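Peer 1: model the following, please.
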Amino acid sequence: MDELRIKHTSQVIYAVLPDGSKAYVKYSVENNVMKLVETYVPQQYRGRGLAKQLVEYAIEMAKSNRLVIEPVCSYAIYYFMKNPEKRHILHEAFRMLNDEEWQKLYEEARKREAMKG
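Peer 2: As a prediction, the model looks like this:
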């Protein structure tokens, strides 16, 4: 699975996988801020970089629409923790966070998601 065919609607960036299932990032845009609210990759496709490709597509979309990004879901937070060179696209509230603050944000997102089920 190298190059995914990624598409998007006004609320979801997604790829249809070989078995017909979908990997996706749900997002919303408000006041020039793109919030990445949920990332999902089916179990059998995890660990192959699909979520990363979807988030990078979101970054390109944000750039071309002159938006900033607010990472809300744990994967989006994790992505920006691991790729500090991409943080220039983030909403200013997130650009200057230190490692400890990123870790706290990540843990809070994981707790929120665990409570949702």
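Peer 1: where along this structure do the helices fall?
Peer 2: Counting by DSSP state H, the chain has these helices, from start to end: 50-64, 74-82, 92-95, 99-116.
Peer 1: please identify the deepest-packed of those helices.
Peer 2: For the helices of the chain, the largest average neighbour count (mean count of other Cβ atoms under 10 Å) is found in helix 74-82, namely a mean of 21. For the C-beta atoms, the positions are set from N, CA and C on the backbone; glycine is no exception.
Peer 1: okay if I get the helices of the chain as TSV plus mean pLDDT and distance to Y14?
Peer 2: Output for those, formatted as TSV (pLDDT from 0 to 100; distance: least, Cβ to Cβ, whole Å):
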stretch	mean pLDDT	distance to Y14
helix 50-64	97	8
helix 74-82	97	14
helix 92-95	95	24
helix 99-116	96	19
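Peer 1: backbone torsions only: list them for the residue nearest to Q44 when sequence neighbours are not counted.
Peer 2: Leaving out its chain neighbours, the residue that sits closest to Q44 by Cβ to Cβ, 6 or more residues apart in numbering is D19, at 7.6 Å. Main-chain dihedrals, D19, degrees, to the nearest 10: phi -90, psi 10.
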